[in-house]
Structure formats: structure tokens, C-alpha cells
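Colleague: Sequence plus the predicted model coming up.
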Amino acid sequence: MTRLLVPLPGNEALATRLGLLLGTDVAETEFRHFPDEETYVRIVTPVSGRSAVIIRTLDRPDEKFLSLAFTAATLRELGARQVGLVAPYLAYMRQDRRFQAGEAVTSTIFAKLISGTADWLVTIDPHLHRQSSLSSIYNIPAQSIHAAPAIANWIKRSVTLPLLVGPDAESAQWVSEVATLAEAPYTVLEKTRRSDRDVRVSVPDVARWRDHTPVLVDDIISTARTMIATLGLLEHAGMKPAVCVGVHAVFASGAYDALRAAGCSRIVTTNSITHETNEIDVTEMLATAVSAIATVPA
Ligand code: R5P
């Protein structure tokens, strides 16, 4: 069964690069909106008997899910034998319990929706917090890639005498892995989020690392409040201007400008979400994961 990559709008560059690495065609498609904003989808390339791989990163998921569902259903109707999904950023991972009575636990609801849409899923560093693995909420084969080696390589190449700084206790394991690979020391902060945009952090004593360059490493940069609060404390502690590294460049409205204004020397992300800060390429890791998981029988 020959494979066919099907990029949804905005994911064409990643699909082209994945196609080159995998030796796989990229489908010709047509996506547009009718004047009333309903979605039009057309898959021009024949798909009958092929294994289709949709490429759709899922930041801003509310506006992206419906076209994904339409595309997957259309691929099946047109005879695709398997429909996989490469979603480098996987949304709706954070509301993983009912914090207050009556709340929707959107991580499990979204997982059910995606599991009913695709036959398998490949993603990068999903924000697993109270869930131990994707398989506890997704009932399709799901593989998550770790960006840690790519981030560590970038740090090794680009930062002299780095000190890695993790945002909170739950990041400790992840940051320690990057630190080991980058052969650098690390420290972890204590963070309290009081509301979406009110984040307090406390920085342990970093005086002994004053000759190092702090490298803030986090999985998601959304409002950037976590990084902005940390930058302030590091500056106050007399540290050198920090480098900010995020896996997923979500950047809520105004966040990127606010982070740039907060005094870091550089902001770097992976290409899981297209953004001008993408300097760490994870496409090869995605290609390896697709090759492994797409052998799962349809
Ligand atoms: C939270 O647990 C995550 O690891 C990130 O620290 C968080 O998503 C960053 O969010 P923000 O940029 O809004 O502070």
C-alpha cells in the first residue's frame, strides 16, 4: 500500500520535508471557505488503496478540528486503507480533570474525537501531566516523540556554558534529560499559576552559576508568563541574559512580543508549530516515527 501525505493548510512545508525524507508523495488538495465560512475540502490526488497520513499541527484546535475530521472522512470514502495523523502539537492536554464541579474534561473528550477520526497518531512531547501516557486516553496507536535530544544538540552547539532552568517540578525529569544530553547543569523552579496570566515562580539560589548562561526550557510557551516571571528573577539574581527554549511555539496573542520585551537574549522553538523562532528541526524524528507506526495494519 503506497503512502500519501495529506497536509492541511499551514502544514505544507512540513509535509514537503517529510515527503522527501520518507520518499512519499504529497497530495494535491483544495481547502477553502464558502462565504458563510463553512469549509470546502477536496482531495485531488487519487487515494484509493493508499495509506493516507494527514499532517495537521493542532494549536488553535477549535478552528482546525472540523477540517481535519472532514478530510479524514473523505479519505476513507475515497478508498484510503488507513488514515494516520501527524499532529506535532497536540492540543487539549491540560484540562485533564474536573478542577471545579461541572467542568468539561476536555483532554479525554478531545482524545475520543481524534481516536474516532484517525487510525493512529504521532505527536511531539504532549503535555502529559496527570495522565501517564497517551494510551490512557487515546484508544488508537499513539506515539509521542521526545524533542529532548534535538533541544540538547541545539544547546550544545549554540550556548557557551549553559545552565538549564526548568519551570516547575513536573518538568524536572524532562529538563534533567536535556541537561544530561547537553552535558550541562540544571535547576528547577517552583511555580504557582494563580490564573491564566498570573504566574509566580521562585528561583533557587543560582549565585554559583553566575558565569553560566541560563537556558529556560519548557514544553509549551503559551502566554509566556512562566518565562517572563523567570527572566525577571534571574535578572534580579544577577544572571546573564537568558535564552528561552520551547518545544511548542503556541504564543497566545501578544505573548511573543511580551517575551521579547522581557529581556531574554534569544527565543528558540522547534518546528512543531510554524513560527519565526523555529530553529530546532524535528522533522527527521517525525519521519522515523511515521515509518514505524504506519506499519500498523488498517
Ligand atoms: C505547564 O505546566 C507547562 O509546562 C508550561 O509551563 C506552560 O504551559 C507555559 O504556559 P505559559 O506560557 O502560559 O506560562
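Modeller: Nice, thanks for sending it over. Numbering: from 1, shown residues only.

Colleague: Leu85 is in contact with Thr117, isn't it?
Modeller: Yes. Contact criterion Cβ atoms under 8 Å: Leu85 and Thr117 qualify, at 7.2 Å. For every residue, glycine as well, the C-beta is placed using N, CA and C.

Colleague: Show me what from this structure comes close to the ligand.
Modeller: Contact residues, the chain versus the ligand (Cβ under 6 Å from any ligand atom): 167, 171, 199, 218-226.

Colleague: ok, of those, which come out buried?
Modeller: 167, 171, 199, 218-226 (16 or more other Cβ atoms under 10 Å).

Colleague: mind listing which of these are in strands?
Modeller: 199, 218-220 (DSSP state E).

Colleague: Give me the residue ranges of the stretch 151-298 of the chain where confidence is low.
Modeller: For the stretch 151-298 of the chain, applying pLDDT under 70 flags the ranges 295-298.

Colleague: repeat that with 80
Modeller: Residues of the stretch 151-298 of the chain meeting the criterion pLDDT under 80: 170, 191, 201, 203-204, 295-298.

Colleague: about what we covered before: make CSV out of the buried ones among the residues of the chain next to the ligand and add distance to Ala142.
Modeller: Putting those into CSV (distance: Cβ to Cβ, whole Å) gives the following:
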residue, distance to Ala142
Pro167, 25
Ser171, 22
Val199, 30
Asp218, 22
Asp219, 17
Ile220, 18
Ile221, 24
Ser222, 22
Thr223, 27
Ala224, 28
Arg225, 29
Thr226, 26
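
Colleague: Need the max-distance pair from those residues.
Modeller: Farthest-apart pair in these is Ser171 and Thr223; separation 16.6 Å (Cβ to Cβ).

Colleague: Next, the buried residues of the longest helix along the chain.
Modeller: For the chain, the longest helix by residue count, based on DSSP state H, is helix 61-77. For helix 61-77, burial by neighbour count (16+ other Cβ under 10 Å) applies to 61, 64-65, 67-72, 74-76.

Colleague: how about the most centrally placed residue in the chain, secondary structure?
Modeller: Closest to where the C-alpha atoms of the chain average out (Cα atoms, centre = their mean) is Tyr89, at 3.1 Å. Secondary structure state of Tyr89, per DSSP: H, G, I helix; E, B strand; the rest coil, is coil.

Colleague: And it, how far from the ligand?
Modeller: 12 Å (Cβ to the nearest ligand atom, to the nearest Å).

Colleague: Would you mind confirming that that residue makes contact with Ser272?
Modeller: Yes. Using Cβ under 8 Å, Tyr89 is in contact with Ser272, at 4.7 Å.

Colleague: so what sits against both of these two?
Modeller: Common contact partners of Tyr89 and Ser272 (Cβ atoms under 8 Å, 6 or more residues apart in numbering): 57, 124, 248.

Colleague: Sort out for me which of the residues you listed are in strands.
Modeller: Using DSSP E, 124, 248 are the members of the shared contacts of Tyr89 and Ser272 that sit in strands.

Colleague: among the shared contacts of Tyr89 and Ser272, which ones are buried?
Modeller: Buried, going by 16+ other Cβ under 10 Å: 57, 124, 248, out of the shared contacts of Tyr89 and Ser272.

Colleague: quick one, which of Leu85 and Thr117 is more surrounded?
Modeller: Legend: neighbour count by other Cβ atoms under 10 Å for Leu85 and Thr117, higher for Leu85 (25 against 20).

Colleague: Tell me which residues touch Phe70, please.
Modeller: Neighbours of Phe70 in contact, by Cβ under 8 Å, 6+ apart: 39, 41.
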